[in-house]
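K.L.:
only the shape, not the letters, is given here:
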Ligand code: GLN
């Protein structure tokens, strides 16, 4: 059963080859066996999961099952989940049992999906390696001495080791796509506003967006069908007609199934600038994937995103600025960690935050407070916002020349645990290819495109606004003629 995709599991459940209780049990057993070494989950609660599975089987018995009814899924611990510990990877929320569900969780619950557990993540989603989690690093199932990527590293490792058939992630600067690339998964960050942020613990609100992480584009489409939709509780949620992302997927058939598709290749991705430079091994795999797309009939056009090089500096002003404001709510008063000893109220705030937040979170709060302060606001924050606009304009110009942009997701394959932990700038540069997409609010995907020295690499697909269905289809056609996404790490059978 663990070989099955979400869509195959859905069929097996519909055909009564297995019940949701049996399936959930199977995954819970795998988690019990492998999680102690991988550390992909922060919280597992078999009783709660099995109760949901029983309810799903019940729904099926009265003929009310949908495609995700009874499917066990891993949920990133950034989503408030009623009755579950919801930590966001932080000590400061180490005792927080959420009294309500995030919109994404509500959607999965009403679809009858089962929550298998809450996955590990960088603290408040700040990181690219999962090493900033208060709950310990996550090991990459492809090489246990390496990082799974971040911040959705727990979700990525869980799906890669098949401790869950699929998972949710969130992506503020690359946190779905980069871990997907490092763990051989397919991950999609939708257009900003397509998935509600209600109940998703905020990092940088103008950039945060939730999306699916799975083995295939087909499975991502199934999950996105449930996740997407207007929600009036999120003021940036977009009221658009519902789409069936699964129905729009087509297999690659005939001579040139992608004839006429124009793939834009930004010279900034394929250049030799050493700061943004992609490792030659990853680049070779990206080139091979592009060759595959040409066989399917696609053409490539050279494009340019001239302001792309400013995306990391602009992001590291805007994201910390928003984070410093968002994280001011964690003060030890109403919920979360409170320092055990303090004198007056101010000392209670200061100690709770000093003890509750980790180093990376503190660094971001300091940067954010600084760039928003009087005298620096114009010099940093306003400039960064202007650059953000220029970057978005670059994409508008690019999409007048091409239908989709392709390139590497991450400049390297999974790096060693500890390798970049002491050098924040090196760590920040691991998102060099993904961050501009968030600044522009565009949809982006990462799909498996091969291996170097046994480690997976990802091909990034960037689409125009609301082109999720198109991106999923372009990915799906590649996946009907290639088998990279079907490869699994050894040792987790
Ligand atoms: N790695 C980036 C950061 O640390 C992006 C994280 C994310 O997308 N949540 O901010």
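P.N.:
All right, it came through fine. Predicted model only: the values in this text are computed from it and were never measured.
K.L.:
near the ligand, which residues of the stretch 101-250 of the chain are found?
P.N.:
125, 126, 127, 128, 151, 171, 172, 173, 174, 175, 203 (Cβ under 6 Å from any ligand atom). The way it works is simple: take the backbone N, C-alpha and C, and place the C-beta from them, glycine included.
K.L.:
want to throw those into a markdown table with pLDDT, neighbour count and secondary structure?
P.N.:
Formatted as a markdown table, those follow (pLDDT from 0 to 100; neighbours: other Cβ atoms under 10 Å; DSSP: H, G, I helix; E, B strand; the rest coil):
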| residue | pLDDT | neighbour count | secondary structure |
| --- | --- | --- | --- |
| 125 | 98 | 29 | helix |
| 126 | 98 | 27 | coil |
| 127 | 97 | 28 | coil |
| 128 | 97 | 28 | coil |
| 151 | 98 | 35 | coil |
| 171 | 98 | 30 | coil |
| 172 | 98 | 27 | coil |
| 173 | 98 | 31 | coil |
| 174 | 98 | 32 | coil |
| 175 | 98 | 37 | coil |
| 203 | 98 | 27 | coil |
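K.L.:
mind checking pLDDT for residue 107?
P.N.:
Per-residue pLDDT puts residue 107 at 98.
K.L.:
what is the longest helix along the chain packed up against?
P.N.:
For the chain, the longest helix by residue count, based on DSSP state H, is helix 20-38. Helix 20-38 is packed against helix 6-14, helix 46-61, strand 72-76, strand 114-119, helix 153-160, with contacts defined by 3 or more Cβ pairs under 8 Å, 6 or more residues apart in numbering; DSSP states H and E.
K.L.:
now the ones you listed as a markdown table including mean neighbour count?
P.N.:
As requested, those are arranged in a markdown table below (neighbours: other Cβ atoms under 10 Å):
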| stretch | mean neighbour count |
| --- | --- |
| helix 6-14 | 19 |
| helix 46-61 | 18 |
| strand 72-76 | 28 |
| strand 114-119 | 28 |
| helix 153-160 | 35 |
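K.L.:
okay if I get the ones you listed as CSV plus mean pLDDT?
P.N.:
CSV is the format used below for these (pLDDT from 0 to 100):
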stretch, mean pLDDT
helix 6-14, 97
helix 46-61, 98
strand 72-76, 98
strand 114-119, 98
helix 153-160, 98
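K.L.:
quick one: closest of the ones you listed to residue 458.
P.N.:
helix 153-160 (10.8 Å; Cβ to Cβ).
K.L.:
contact partners for whichever residue of the stretch 351-493 of the chain sits closest to the ligand?
P.N.:
Going by Cβ to the nearest ligand atom, the ligand is nearest to residue 431 of the stretch 351-493 of the chain, at 4.7 Å. Neighbour list for residue 431: 128, 173, 174, 178, 312, 315, 410 [criterion: Cβ atoms under 8 Å, 6 or more residues apart in numbering].
K.L.:
phi, psi of it?
P.N.:
Note on residue 431: backbone dihedrals following degrees, to the nearest 10 are phi -100, psi 20.
K.L.:
if we ignore the residues flanking it in sequence, what's nearest it?
P.N.:
residue 174 (4.0 Å; Cβ to Cβ, 6 or more residues apart in numbering).
K.L.:
cross-check the contact I'm expecting between the one you found and residue 439.
P.N.:
No. If you go by Cβ atoms under 8 Å, residue 174 and residue 439 don't touch, sitting 11.3 Å apart.
K.L.:
quick one: list the elements packing against the least confident helix or strand in the chain by mean pLDDT.
P.N.:
Within the chain, confidence by mean pLDDT, DSSP states H and E is lowest for helix 424-428 among all helices and strands, at a mean of 90. Helix 424-428 makes packing contacts with no helix or strand when contacts are defined by 3+ Cβ pairs under 8 Å, 6+ apart.
K.L.:
that one vs the ligand: in contact?
P.N.:
No. Judged by Cβ under 6 Å from any ligand atom, helix 424-428 and the ligand are separated, with a smallest distance of 6.7 Å.
K.L.:
from the chain's centroid, how far away is that helix?
P.N.:
Offset of helix 424-428 from its chain centre (Cα atoms, centre = their mean, to the nearest Å): 19 Å.
K.L.:
then stretch 243-251?
P.N.:
On Cα atoms, centre = their mean, the centre of stretch 243-251 falls 21 Å from that of its chain.
K.L.:
quick one: end-to-end distance for that stretch.
P.N.:
One end of stretch 243-251 sits 19 Å from the other (Cα to Cα, to the nearest Å).
K.L.:
show me what counts as buried in it.
P.N.:
243, 245, 246, 249 (16 or more other Cβ atoms under 10 Å).
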